[in-house]
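Novice: Generate a structure from the sequence data that follows.
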Amino acid sequence: MCINISAQHVKELRSQTGAGMMNCKKALQASQGDMELAIENLRQQGLASANKKSTRIATEGRIESYIHAGSRIGVLLELNCETDFVARHSEFQMLAKNLAMQIVACPNVQYIKVTDIPQDTIDKETRIELSKDDLKNKQDQIKQVIVKGRIEKKLKELSLLDQAFIRNTDLLISDLIDQKIALLGENIKISRFQKFILGEGAVKNRSF
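Specialist: Numbers count the residues shown, from 1 in each chain. Alright, predicted model coming up:
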């Protein structure tokens, strides 16, 4: 039986271990809310040390490409690790491929993480939400709460790390990367990606 775990407990476990949010939640559910047992389980999986590796310099890696069926959309992705040895590892290469496919599968994704989103984009989305008809008769305080929730949801839709992994929707992309960090023992990070859509930005000729 799966018990309800509060967000506060998940955050507390994450602060103590550095493991991903979803991994922390699963560990707490598996331990029936026992914090010490959850920490032990994460350590056994190697996930408790993933966050400590995230500050280490990673300049090796690979450029991954993925062209979707029909050749109308493609992605170039730079995924970094610490050594050429890990860059050649099959798990790292599969991660790069899965991330490139994930970007194609998520049309709203434009940034690696929420903190990469420019403030002018956030301001624009906030103005749009504030002007929606369903909020016109709401009190200002209630309106601000609703808009805040909608903006947080929108920003996560734009962020690659906040997406559910298409091959396992119980995992966020951030948690998937943490798992590979634990497995391979090196820092792994997405440096950049570029999506290409056939005809995007081009002015099409019109027949009269």
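Novice: Show me where the protein dips below the pLDDT cut-off.
Specialist: The model of the chain has pLDDT under 70 over residues 1-2, 15-18, 43-56, 201-208.
Novice: where along it do the helices fall?
Specialist: Listed in chain order, the helices of the chain (DSSP state H) span 7-17, 21-30, 35-45, 50-53, 84-87, 90-105, 119-130, 140-158, 173-184.
Novice: Tabulate those (JSON lines), appending mean neighbour count and distance to Glu78.
Specialist: Every C-beta, even on glycine, is put in place using the N, C-alpha and C of the backbone. Formatted as JSON lines, the entries for the helices of the chain read as follows, by neighbours: other Cβ atoms under 10 Å; distance: least, Cβ to Cβ, whole Å:
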{"stretch": "helix 7-17", "mean neighbour count": "15", "distance to Glu78": "27"}
{"stretch": "helix 21-30", "mean neighbour count": "22", "distance to Glu78": "25"}
{"stretch": "helix 35-45", "mean neighbour count": "17", "distance to Glu78": "28"}
{"stretch": "helix 50-53", "mean neighbour count": "18", "distance to Glu78": "19"}
{"stretch": "helix 84-87", "mean neighbour count": "16", "distance to Glu78": "11"}
{"stretch": "helix 90-105", "mean neighbour count": "18", "distance to Glu78": "9"}
{"stretch": "helix 119-130", "mean neighbour count": "13", "distance to Glu78": "22"}
{"stretch": "helix 140-158", "mean neighbour count": "14", "distance to Glu78": "19"}
{"stretch": "helix 173-184", "mean neighbour count": "22", "distance to Glu78": "14"}
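Novice: for those helices, which one sits closest to Leu77?
Specialist: helix 90-105 (4.7 Å; Cβ to Cβ).
Novice: Check which helices and strands that closest one sits against.
Specialist: Counting contacts by 3 or more Cβ pairs under 8 Å, 6 or more residues apart in numbering; DSSP states H and E, helix 90-105 packs against strand 60-67, strand 73-81, helix 173-184, strand 189-197.
Novice: Remind me what the last one packs against, helices and strands.
Specialist: The one in question is strand 189-197. Using 3+ Cβ pairs under 8 Å, 6+ apart: strand 189-197 touches strand 73-81, helix 90-105.
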